[in-house]
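In: Sequence first, then the predicted structure, then my questions.
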Amino acid sequence: QVQLVESGGGLVQAGGSLRLSCAASGRTFSTYVMGWFRQAPGKEREFVAAISRRGSSTHYVDSVKGRFTISRDNAKNTAYLQMNSLKPDDTAVYYCATGSVGTAQGMARYSPRYWGPGTQVTVSS
């Protein structure tokens with residue numbers, strides 16, 4: 001079993017940046033594909049980004065391409081989401097997730113097994 005905890009959310013003005021972190025428990029972090037999702041008020045949860053086990057492959061939803069970067073540090077059991085050029089539409093609770101998905105591309109289609117509690121990101125206009 002994997003436990004995930006997100007951090008780094010907050011309030012930022014449009015055009016600003018935030019870096020989210022996802023700390024994972026256990027000694028098998030490097031065997032998991034990691035993903036980030038978000039859910040805005042009144043909307044369904046959506047896939048944002050994913051990264052393969054060794055970090056060699058990434059996948060993004062079109063709306064964040066060129067603005068967000070997912071990365072991971074397997075030595076620290078941590079995944080990151082660097083968010084630049086933030087827009088009010090990026091306002092949401094951001095979740096990291098993993099488990100039961102074998103590829104970064106697959107994270108966009110299948111629901112991972114393990115989820116963190118989420119961190120709020122609010123972008124003001």
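Out: Arrived safely, thanks for sending. Residues are numbered from 1 along each chain as shown.
In: okay, now Gly106: neighbour count?
Out: Other residues lying near Gly106 total 15 when counted by other C-beta atoms under 10 Å. Bear in mind the C-beta positions are built from the backbone N, C-alpha and C, glycine included.
In: Was I right to think it contacts Gly35?
Out: No. Using C-beta atoms under 8 Å, Gly106 is not in contact with Gly35, being 9.2 Å away.
In: Quick check: neighbours shared by the two?
Out: Ala50 (C-beta atoms under 8 Å, 6 or more residues apart in numbering).
In: Apart from its neighbours in sequence, what residue is nearest the most centrally placed residue in the chain?
Out: By C-alpha atoms, centre = their mean, the mean C-alpha position of the chain lies nearest to Trp36, the distance being 2.2 Å. If the residues on either side of it in the chain are set aside, Trp36 comes closest to Val48, at 4.4 Å by C-beta to C-beta, 6 or more residues apart in numbering.
In: what about the one you found, how many neighbours?
Out: A total of 26 residues lie near Val48 under the criterion other C-beta under 10 Å.
In: Phi first, then psi, for it.
Out: The main-chain torsion angles of Val48 are listed as degrees, to the nearest 10 and equal phi -120, psi -50.
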